[in-house]
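1. Here is my input, please return the structure:
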Amino acid sequence: MSSARPSPKKSASSARHRALSVLLAFQKSGDAIDEILDRLWTGEAGDSRDRAFAMELIYGVLRRQETLDWRLAPVLSKPLARLPQVIQVVLRLGAYQLLYMDRVPESAAVNESVNLARSHAAKLGRDWGGLVNAVLRALMRSPEPPLSDGQHMPARGLSVRYALPLWLCERWVQRLGVEGAEAACKTVSVIPSLTLRVNRQRATREGLLEQFEKAGIVSRPTPVSPAGIVVEGGQSVTALPGFHEGLFYVEDEAAQLIPLVLDPQPGERILDVCAAPGGKTTHIADLMSNRGEVVAMDRQPSRLKLLAENCRRLGATIIAPLVGDARELGSPASPKSTDQRIIAPGLFDRILVDAPCSGIGVLRRHPDAKWKKDTGMFARHQILQRAILDRAASVLRPGGVLVYSTCSTEPEETEEVIDRFCRDHSAFRRESVALWLSTAVLPFVSPQGSLSTLGNELGMDGFYAARLRKAEYE
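-> Predicted coordinates:
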């Protein structure tokens, strides 16, 4: 006899407990949310509705935390930070449901938050349910206060409105002006759509769109990438038609533009320096019609295993994974550098350096990460990025093409890196990316000829790319 399904009320209550446990683990450990979810939920049975509701609460609170704290402050008798950590999270969960989840009855949001607080009474040494009840009911009655004066404190207003760290908003206001800063804030604050890249070795975009339509899945072609599809409705990726057959890869539209800038040709030898998990690598193989060789280099063997799995699913057969440190390219000094693909000068026709960076351009996909970043990271990353570029240049053949890209929007990780590289390497010159992309991309081509999707209104992540060509004769 099958067991009865949990009632919606019990399922929602369980979801709130799940969300609380994950958010507390995040605050205490600082680990990425994906890692915490794997640790706490792997192998755990549960209703799919329960899990979906918990995920919405978790990511909703992380995405809106700055705004939630701002709304809670006027109805608290003392600063939120002075309350026990678990009560802080309970109040944010309750406030998120009241302010952003219309389908959750106000009474349920308040009562369930009170129950959450009382479930921790023994550990806390007192019952905080009364305070939670009073604060959330006061929040229900309180109108939204005015934002700070946009003329005198624009960064603070943007920080509250878009729930972003104040230091980042101040940086953007100073560099981009208030209007440009707000466009950038919008880009990294919206919930991203599910975007796919069609594997054109096995399918066409038109054919995959037709499959989705027949399955009742709402989808549309991306406006800029010729291989992209946007899927609406929060679909499960593995349940989409064509996933197991390798007809597509989940990849943001801006990321899909980077291999187009590289313009790899069939029969060439390509190096992807920081390759895992393989989105751009497999795209390069696709553009080469699976003819030639793509050396996919990464420091972490575990990440290369994930790349190999993606290659198998997509049928990318010309990719050769290689464990290695990009800072050792072209250097025979290291005992590990015995592979000719690492040390041979001038071996590669084209090289992609998709460098490690701050990830500012993809914060909307990782809302937990925005509270763990600081201004000092840009200089640290720049040192690594310059070192990788310098070594990659040594294994590129004369006349070859090098593309440098990051999922960052900040000058220290983009233009400053390329400007310094060109000063140090007179054999390289810039080529405008516009020559290898559609006219729809022209608004995102900088005066220097680089790609920058910062502040775009097309729903793309923030990416940067510069294309460089090495002289035939040095």
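2. quick one: low-confidence ranges for the stretch 201-350 of the chain?
-> 332-344 (pLDDT under 70).
3. so where do the strands sit in it?
-> For the stretch 201-350 of the chain, applying DSSP state E, counting those that start in this stretch gives strands covering 219-221, 228-231, 248-250, 269-272, 293-298, 319-323, 348-354.
4. mind giving me JSON lines with those and columns for distance to residue 132 and mean neighbour count?
-> Quick note: C-beta positions are derived from backbone N, CA and C, even for glycine. Formatted as JSON lines, the strands of the stretch 201-350 of the chain follow (distance: least, C-beta to C-beta, whole Å; neighbours: other C-beta atoms under 10 Å):
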{"stretch": "strand 219-221", "distance to residue 132": "42", "mean neighbour count": "17"}
{"stretch": "strand 228-231", "distance to residue 132": "38", "mean neighbour count": "20"}
{"stretch": "strand 248-250", "distance to residue 132": "38", "mean neighbour count": "21"}
{"stretch": "strand 269-272", "distance to residue 132": "51", "mean neighbour count": "26"}
{"stretch": "strand 293-298", "distance to residue 132": "46", "mean neighbour count": "24"}
{"stretch": "strand 319-323", "distance to residue 132": "51", "mean neighbour count": "17"}
{"stretch": "strand 348-354", "distance to residue 132": "46", "mean neighbour count": "25"}
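5. how about the ones you listed in a markdown table, adding distance to residue 20?
-> As requested, the strands of the stretch 201-350 of the chain are exported to a markdown table (distance: least, C-beta to C-beta, whole Å):
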| stretch | distance to residue 20 |
| --- | --- |
| strand 219-221 | 35 |
| strand 228-231 | 30 |
| strand 248-250 | 29 |
| strand 269-272 | 41 |
| strand 293-298 | 36 |
| strand 319-323 | 40 |
| strand 348-354 | 37 |
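6. quick one: which of these is nearest residue 111?
-> Nearest of those to residue 111, taken as C-beta to C-beta: strand 228-231 at 36.0 Å.
7. For residue 203, which of the strands of the stretch 201-350 of the chain is the nearest?
-> For residue 203, the closest of the strands of the stretch 201-350 of the chain is strand 248-250, at 7.2 Å, according to C-beta to C-beta.
8. What is the closest one packed up against?
-> strand 194-198, helix 279-287 (3 or more C-beta pairs under 8 Å, 6 or more residues apart in numbering; DSSP states H and E).
9. Using TSV, lay out the ones you listed together with mean neighbour count and distance to residue 253.
-> Shown next, in TSV, are the helices and strands packed on strand 248-250 (neighbours: other C-beta atoms under 10 Å; distance: least, C-beta to C-beta, whole Å):
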stretch	mean neighbour count	distance to residue 253
strand 194-198	24	5
helix 279-287	26	12
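10. Nearest to residue 176, out of those?
-> Per C-beta to C-beta, nearest to residue 176 of the helices and strands packed on strand 248-250: strand 194-198, 25.1 Å.
11. which residues touch that closest one?
-> Strand 194-198 is contacted by residues 204-205, 208, 222, 225, 227-232, 234-235, 237, 240, 247-253, 256, 279, 283 when judged by C-beta atoms under 8 Å, 6 or more residues apart in numbering.
12. looking only at pLDDT, what's the mean for that strand?
-> Mean pLDDT, taken over the full extent of strand 194-198, equals 97.
13. how near is residue 391 to residue 261?
-> From residue 391 across to residue 261, the span is 21 Å (C-beta to C-beta, to the nearest Å).
14. the more surrounded of these two?
-> Set side by side, residue 391 and residue 261 show more neighbours around residue 261, with 24 against 19, by other C-beta atoms under 10 Å.
15. check contacts around the more buried one.
-> Residue 261 touches 403, 405, 433, 436-437, 451, 465, 467, counting by C-beta under 8 Å, 6+ apart.
16. and residue 124, which of the strands of the stretch 201-350 of the chain is closest to it?
-> Each of those has some distance to residue 124 by C-beta to C-beta; the shortest is strand 248-250, at 41.5 Å.
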